[in-house]
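**Student:** Got a predicted structure here, sequence first:
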Amino acid sequence: MRVIGLLTDFGLNDNFVGVMKGVIYRINPQAKIVDLCHEIESHNIHDAAFLLKSSYPYFPEGTVFLIVVDPGVGSERKSVIVETEKYIFVAPDNGVLSFLAERDIKRIIQITNEEYFLKPVSRTFHGRDIFAPVAAHLSRGEKIEKFGTAIKKIKKLKFSEPQIKNNRLMGEVMYVDHFGNLITNINQDAFLRFIEGNKFQIVIGKAKISKISSSYQEEKKGLPTAIFGSFDNLEISLYGDDASQRLNLNKGSKIYIEKRTT
Amino acid sequence: MRVIGLLTDFGLNDNFVGVMKGVIYRINPQAKIVDLCHEIESHNIHDAAFLLKSSYPYFPEGTVFLIVVDPGVGSERKSVIVETEKYIFVAPDNGVLSFLAERDIKRIIQITNEEYFLKPVSRTFHGRDIFAPVAAHLSRGEKIEKFGTAIKKIKKLKFSEPQIKNNRLMGEVMYVDHFGNLITNINQDAFLRFIEGNKFQIVIGKAKISKISSSYQEEKKGLPTAIFGSFDNLEISLYGDDASQRLNLNKGSKIYIEKRTT
Amino acid sequence: MRVIGLLTDFGLNDNFVGVMKGVIYRINPQAKIVDLCHEIESHNIHDAAFLLKSSYPYFPEGTVFLIVVDPGVGSERKSVIVETEKYIFVAPDNGVLSFLAERDIKRIIQITNEEYFLKPVSRTFHGRDIFAPVAAHLSRGEKIEKFGTAIKKIKKLKFSEPQIKNNRLMGEVMYVDHFGNLITNINQDAFLRFIEGNKFQIVIGKAKISKISSSYQEEKKGLPTAIFGSFDNLEISLYGDDASQRLNLNKGSKIYIEKRTT
């Protein structure tokens, strides 16, 4: 028994996810399939990489992650298996695995062995015909080297990093969750290192915030709150309301931290 | 093996639900996780309580229900385990368990034993760090008293009850389902007791209905139908159409039953 | 252990699907439940039949499919079990099984044996009270003949078929997927038989396409692409965009194939 974690941009309106599960159970009836998320914005590799990063460490050792956010399906992009100390990742080589730390990666295999594919392989649904069967065989304990040939690198995307400029730490909103919370790319370490124990002001859109809260509802309803949330990054939220809508901010919106020495 | 039923307002656009499942399987690989619903309106404790009420009796004995509709996450609200004759419920103590009958409750434990928590406990995602691990350990058969100290009461919400006023039974719409059916708070008992075998008229918005149908499509398309539906409450529907949209009615809309003696 | 594949139009906003799963696990704790799709447009039997057709062959032998797209719930429509060489289907007899090939069907049973029902049987939720328990018992290996009496036929819907008219092969869009791809009713065989090796032109809305691509992104962004996709039918898509929205085409839109002999 092994867990297979699914991350796709297929949505749940069609049968794509269900069919992949059928394929998996045909190969490994003992698999435990977990839906990590299927509502990634169509073809948004950045979001997929970000959600994967903040999810996989919570899964059991040995989990096989199956990521199908694949705008290049049918083109020459590679398909890969990446093995880390604790997990196995199966994905198109398009950057969705960008957040795996170099030092954790034990092996990268380019998937080439068609023996494991569902045939005929369609031009448009490698999730069903390549990725699902490969993940299912891996979850049965098939050796990773049997699926293809070792390669040295996977594709890495650039993610915007917080920068210090004119004495301000500048970051941006990376992700907006279901509640409208704005998750920035500033993590707790970077924040603390920058403010060095000083008072500070956070500026985002028209909002100014001068403290870090310890829960969403610490502030009065309707007042913007800064908090280090479950993604370990600085989040801006409005208790009882949707911060993204109310403040008219979204992915890419800039956020500034200023030290106040008075 | 034990079923864990999940009820949250996390939606399926993020990785929140998937991560909770990862946490559960890490603790109990044998768990069977069932998604009861994740699309509860954000922070709507009433809806969660209502859906839970009309769901849990259909589950196997021993099911652990894990309810995370938790606007007060990170505040001083308690977290509880409630044991009934047949089930175990794990939830914030905010009223989501309002519909459990007093007489069915065997024990209430306030969750305090941090041994069972995922650390560090985040300020914003107790579903992942407290509720999921507690539910997973319970599903493995861990004794309920190990998680904290017994308390006497859980928080109860007030739900609006049907009333008799000016010879009319007045209720309201409690819930609108995916098909647009309007589920009221008038159950079959209350209805029958009120009409006492008389003819009657149901008035809701501009619609008047003078019979109870035995299926949605008993009336002509487009005509409003009254039926005792799967929630056991009086439902107003339009066969082949969305009653909520068409009749411009929603949660909170009033409904009146009048006896007709002629 | 047996897989139960669920296909409904219940959506995921309510507890309907979760409750059906509770009912199933109460009867067969060993079942593996797979969500095939729950976002079928309300009461759209055609879509359900189409998605089922393109899904079931990917599932393990012995899978029990439970289809609840059931506008006639509570009326006189029959409930049936259809056994094929490899699978079992449980559904209202309203046409959702139209695509099962005559020659594959071994037996049809009209479900009449109330012993297997959940009582009291509601008027509005046979998914919970009839179909889920029947599927669960079947997944435990209960003999199909125990559920009712053999009948000869199931209801078949008419699906529009491609036609040749004025030297053109005319078809239509049958389904629009989550990415906005337009899936037509012209399959690869019909297409190849019609063009007989000639050059051709595909006309749909304002778009004209004169080649079959081998991947979505073979064409420049924004140019319409014709491809034989995972449904094995001719699909029209826009790489990196939503063809349905952009071309203003939808289910029912006509598509024409013309031979070009020059």
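**Tutor:** Yes, it's here. Predicted model only: the values in this text are computed from it and were never measured. Numbers count the residues shown, from 1 in each chain, chains lettered A, B, ... in the order given.

**Student:** Run a quick neighbour tally on residue A:78.
**Tutor:** 17 (other CB atoms under 10 Å in any protein chain shown). To be clear about C-beta, it is placed using only N, CA and C from the backbone, and glycine gets the same treatment.

**Student:** Let me know the pLDDT of residue A:1.
**Tutor:** With respect to pLDDT, residue A:1 has a value of 61.

**Student:** tell me the pLDDT at the residue of chain A found nearest chain B?
**Tutor:** Taking CB to the nearest CB, chain B has its nearest neighbour within chain A at residue A:215, 2.8 Å off. On the pLDDT scale, residue A:215 is placed at 80.

**Student:** For it, which non-adjacent residue is spatially closest?
**Tutor:** Nearest-residue entry for residue A:215: residue B:74, 2.8 Å, with adjacent residues in sequence omitted and distances by CB to CB, 6 or more residues apart in numbering or on different chains.

**Student:** How about the contacts made by the one you found?
**Tutor:** A:214-218, B:123-124, B:126 (CB atoms under 8 Å, 6 or more residues apart in numbering or on different chains).

**Student:** which residues sit in contact with residue A:50?
**Tutor:** Per CB under 8 Å, 6+ apart, neighbours of residue A:50: A:99, A:159, A:174-175.

**Student:** now swap in residue A:121 and tell me
**Tutor:** A:114, A:129-130.

**Student:** Do I have it right that residue A:96 meets residue A:56?
**Tutor:** No. Using CB atoms under 8 Å, residue A:96 makes no contact with residue A:56, being 11.6 Å away.

**Student:** who has more neighbours, the two?
**Tutor:** Counted by other CB under 10 Å, residue A:96 and residue A:56 do not tie: residue A:96 has more neighbours, with 30 against 23.

**Student:** Which members of the contacts of residue B:74 are the farthest-apart pair?
**Tutor:** Distances among the contacts of residue B:74 were taken as CB to CB; the most separated pair is A:218 and B:126, at 15.2 Å.

**Student:** more neighbours, the two?
**Tutor:** Taking neighbours as other CB under 10 Å, residue A:218 and residue B:126 compare with residue B:126 leading, 24 against 16.

**Student:** who's in contact with the more buried one?
**Tutor:** B:68, B:70, B:73-74, B:79, B:92.

**Student:** Quick check: closest non-adjacent residue to the closest residue to chain C within the stretch 101-250 of chain A.
**Tutor:** Residue of the stretch 101-250 of chain A nearest chain C, by CB to the nearest CB: residue A:125 (3.4 Å). Leaving aside its chain neighbours, residue A:125 sits nearest to residue C:230 (3.4 Å; criterion: CB to CB, 6+ apart).

**Student:** So what does the one you found look like in phi/psi?
**Tutor:** Residue C:230 adopts backbone torsions of phi -70, psi -20, taken as degrees, to the nearest 10.

**Student:** okay, now it: neighbour count?
**Tutor:** Neighbour tally, residue C:230, other CB under 10 Å: 24.

**Student:** Model confidence at it, what's the number?
**Tutor:** On pLDDT, residue C:230 comes in at 85.

**Student:** So chain A: which segments form each domain?
**Tutor:** For chain A, automatic domain parsing gives the domain ranges A:3-150, A:163-260.

**Student:** Tell me which residues touch residue A:46, please.
**Tutor:** Here residue A:46 is in contact with A:95, A:157, A:159 (CB under 8 Å, 6+ apart).

**Student:** and the stretch of helix or strand it belongs to, how far from the chain's centre?
**Tutor:** For residue A:46, the element it lies in under DSSP states H and E is helix A:45-53. Helix A:45-53 sits 2 Å away from the centroid of its parent chain (CA atoms, centre = their mean, to the nearest Å).

**Student:** average model confidence for that helix?
**Tutor:** Here the average pLDDT along helix A:45-53 is 95.

**Student:** tell me which parts of chain A are close to chain B?
**Tutor:** Taking CB under 8 Å from any CB of the partner chain as the measure of proximity, chain A contacts chain B at A:1, A:3, A:5, A:7, A:12, A:32, A:34-39, A:51, A:54-56, A:58-60, A:63, A:177-179, A:213-218, A:227-230, A:235, A:240, A:242.

**Student:** and the strand ranked longest in chain A, which strands flank it?
**Tutor:** For chain A, the longest strand by residue count, based on DSSP state E, is strand A:168-176. Strand A:168-176 has its sheet partners listed here by DSSP bridges as strand A:163-165 (antiparallel), strand A:182-187 (antiparallel), strand A:254-260 (antiparallel).

**Student:** tell me the most buried of the ones you listed?
**Tutor:** Of the strands paired with strand A:168-176, the one with the most neighbours on average (mean count of other CB atoms under 10 Å in any protein chain shown) is strand A:182-187, at a mean of 23.

**Student:** Just want the angle from the very next helix or strand once past that strand to strand A:168-176.
**Tutor:** Later in the chain than strand A:182-187, the nearest helix or strand by DSSP H and E is helix A:188-195. Using axes from the mean of the first three to the mean of the last three CA atoms, to 10 degrees, the inter-axis angle of helix A:188-195 relative to strand A:168-176 is 160 degrees.

**Student:** Give me the buried stretch members for helix A:188-195, please.
**Tutor:** Using 16 or more other CB atoms under 10 Å in any protein chain shown as the test for burial, helix A:188-195 gives A:190-191, A:194-195.

**Student:** Distance from the chain centre to the following helix or strand past that helix, please.
**Tutor:** Downstream of helix A:188-195, the first helix or strand assigned by DSSP H and E is strand A:199-204. Put simply, strand A:199-204 sits 27 Å off its chain's centre (CA atoms, centre = their mean).

**Student:** Output the below-cut-off pLDDT ranges for chain A.
**Tutor:** Applying pLDDT under 70 to chain A flags the ranges A:1, A:262.

**Student:** Over to the residue of it found nearest chain C: give its phi and psi.
**Tutor:** Residue nearest to chain C within chain A (CB to the nearest CB): residue A:74, separated by 2.8 Å. Main-chain dihedrals, residue A:74, degrees, to the nearest 10: phi 90, psi -10.

**Student:** I'd like the distance between it and residue B:94.
**Tutor:** Look at residue A:74 and residue B:94: by CB to CB, to the nearest Å, they are 49 Å apart.

**Student:** what do you get for residue A:61?
**Tutor:** In terms of CB to CB, residue A:61 sits 35 Å off from residue B:94.

**Student:** Show me which of those two is the more surrounded one.
**Tutor:** More crowded of residue A:61 and residue B:94, by other CB under 10 Å: residue B:94, with 25 against 10.

**Student:** show me what contacts that one?
**Tutor:** Counting by CB under 8 Å, 6+ apart, residue B:94 has contacts B:45, B:69-72, B:77, B:155.

**Student:** Let me know whether residue A:130 touches residue A:119 as I believe.
**Tutor:** No. The criterion here is CB under 8 Å, and residue A:130 misses it with residue A:119 at 10.3 Å.

**Student:** More neighbours: these two, which one.
**Tutor:** Each of residue A:130 and residue A:119 has its neighbours counted (other CB under 10 Å); residue A:130 has more, 23 against 9.

**Student:** I'd like to know how many residues surround the closest residue in space to that one that isn't next to it in sequence.
**Tutor:** In this structure, residue A:130 finds its nearest non-sequential neighbour in residue A:117, 5.3 Å apart by CB to CB, 6+ apart. Each residue near residue A:117 was counted by other CB under 10 Å, and the total is 15.

**Student:** can you give me phi and psi for residue A:117?
**Tutor:** Taking degrees, to the nearest 10 as the convention, residue A:117 sits at phi -90, psi 160.
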